[in-house]
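**Student:** The following block contains a protein sequence and its predicted model.
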Amino acid sequence: MRGRLSTKESNRWNQALEYQALRQFIKLTDPSDSESAAKKIAESVKNELTPRQQEFVRLYYIDQMTMYDIAAETGISVSTVSKTLKRARERLRKFLKYSGRMLLDEMDG
């Protein structure tokens, strides 16, 4: 029987959970209802990401393309795709941490 996960295994597990949660979040942000929380969040997220980050997030999380496929389609390296997605996740994380509460308060009032 194994004990605790190694740091590397734990990091991979946490990263997998983060990817899964972000995929679910993005799928839930259906902008078809102009008054919905999803619409407001989707607009806010759109304003936080660069056009390239938006494209890669859509390809990776919505279209479920691999980083290798994105790299091949866009003609850039897998490393660049990975770094761009990482920066997009960081920007979204910061936005949700600092602006998410304000957005929710605005929707309540």
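**Tutor:** Ah, there it is. Keep in mind the model is a prediction, meaning the values are calculated, not measured.
**Student:** Could you report the separation of residue 13 from residue 92?
**Tutor:** According to C-beta to C-beta, to the nearest Å, residue 13 stands 20 Å off from residue 92. C-beta: built from backbone N, CA, C; applies to glycine.
**Student:** if you count what's nearby, which of these two comes out ahead?
**Tutor:** residue 92 (20 against 11; other C-beta atoms under 10 Å).
**Student:** how about the more buried one, what does it touch?
**Tutor:** 22, 45, 48, 49 (C-beta atoms under 8 Å, 6 or more residues apart in numbering).
**Student:** any idea which helix or strand carries the nearest residue to residue 88 once chain neighbours are set aside?
**Tutor:** With C-beta to C-beta, 6 or more residues apart in numbering as the criterion, residue 88 has its nearest non-adjacent residue at 3.9 Å, and that residue is residue 53. Element membership of residue 53 [criterion: DSSP states H and E] is helix 51-57.
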